[in-house]
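Chemist: starting from these lines, generate the structure:
(one chain, ligands or ions: 1)
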Amino acid sequence: MANLLIVGPPGAGKGTQAARLAAALRVPAVSTGDIFRQNIKEQTELGKRVTAILDAGEYVPDELTNELVDDRLAQPDAERGYLLDGYPRTAGQVEYLDGVNLRRGEQLDAVVRLIADTDEVVRRLSARALEQGRSDDTEEVIRHRLDVYERETAPLIAIFEERGLVVEVDGIGAVDEVTERILAGLAARGIEA
Ligand code: AMP
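Modeler: Here you go, the predicted model:
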C-alpha cells in the first residue's frame, strides 16, 4: 500500500522511472500526459478538447484533469495505491488530490523529486522528439513547457516539503542507477518494494 507522486521538470525521466517503480511496488503508474495523448490518438471527445492545449505546451484546465484522475484512481488496480506522474501540477490540483485521499481514508506517503538541470532536460527532450515524434517536443514548445513548469508547478514542491514528504533523487545517470536511488530513498522512509 503506497500513494506516491513523482515530480520534476519535463525530460527528467519521470515516465521511465514511474513505470519501473510502479512495477516494483505493485501499484499502477498513472500519467495524466499519457492519458491525454491516448485520448488524442483515439480522437475521443476529451482528446479533441485537449489537442490544441497539448500542442501549445499549456496546461489542460483543472476541472478536466481532476475528473480524469478521480476516475482513474477509482479503478480496482489503484485500490492498493498509486504512483502519479505529471499530476498534480497546479495548486488547485494539489487541493483536489487532498480531497480524493481524504475520501479514500488515506494520505500521500511520499513525493519523489527527480533533479535534473535545464541543459540536460532540453537535450533529453530534443532526443525524444527525434525518437518518438511527440508533437509537443519541438524546441520552442519544449522551452515553453519548461517555463510553465517553473512558474506553475515547481513552487508546489514547497507544499510537499512542508509536509515532510519529499524524497530528492539525482535524476542524472544510468536508468537502473536512478531506479536504485529512488528505491533506496523510499526504503529509508519505510516504503519497501
Ligand atoms: P507530460 O507527459 O506529463 O509532460 O504532459 C504532457 C502535456 O499534457 C502537458 O504539457 C499538458 O498539456 C498536459 N498535462 C499533463 N498533465 C497535466 C496536468 N496535471 N494538468 C494540466 N495539464 C496536464
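Chemist: got the residues of the protein near the ligand?
Modeler: 10, 32-33, 36, 53-54, 57-60, 65, 86-87, 89, 93, 136, 145 (Cβ under 6 Å from any ligand atom). No exception for glycine: its C-beta is placed from N, CA and C like everyone else's.
Chemist: name the residues of stretch 48-60 that are buried.
Modeler: 50-51, 54, 57-60 (16 or more other Cβ atoms under 10 Å).
Chemist: again, but for stretch 124-134
Modeler: Across stretch 124-134, burial judged by 16+ other Cβ under 10 Å covers 124-125, 128-129, 134.
Chemist: on that earlier part again, in the buried residues of stretch 48-60, find the pair that's most separated.
Modeler: The largest separation in the buried residues of stretch 48-60, counting by Cβ to Cβ, is between T51 and Y59 at 14.1 Å.
Chemist: and the closest residue to the ligand within the chain, what does it touch?
Modeler: The minimum distance from the chain to the ligand, using Cβ to the nearest ligand atom, falls at G33 (2.1 Å). If you count contacts by Cβ atoms under 8 Å, 6 or more residues apart in numbering, G33 has them with 15, 54, 85-86.
Chemist: next step: the buried residues of stretch 124-134 restricted to helices.
Modeler: Among these, the members falling in helices (DSSP state H) are 124-125, 128-129.
Chemist: out of everything not next to it in sequence, what's closest to D55?
Modeler: What sits nearest to D55 in space, not counting adjacent residues and going by Cβ to Cβ, 6 or more residues apart in numbering, is S135, at 5.4 Å.
Chemist: what does R143 give?
Modeler: Closest residue in space to R143, ignoring its immediate chain neighbours: V122 at 7.4 Å, by Cβ to Cβ, 6+ apart.
Chemist: show me what the helix-or-strand element of the chain with minimal mean pLDDT is packed against.
Modeler: Least confident helix or strand, the chain: helix 118-132 with a mean of 86, by mean pLDDT, DSSP states H and E. Judged by 3 or more Cβ pairs under 8 Å, 6 or more residues apart in numbering; DSSP states H and E, helix 118-132 is in contact with helix 139-148.
Chemist: same question for the helix it packs on, mean pLDDT?
Modeler: For helix 139-148, mean pLDDT is 91.
Chemist: so how far is that helix from its chain's centroid?
Modeler: With Cα atoms, centre = their mean, to the nearest Å as the basis, helix 139-148 stands 17 Å off its chain's centre.
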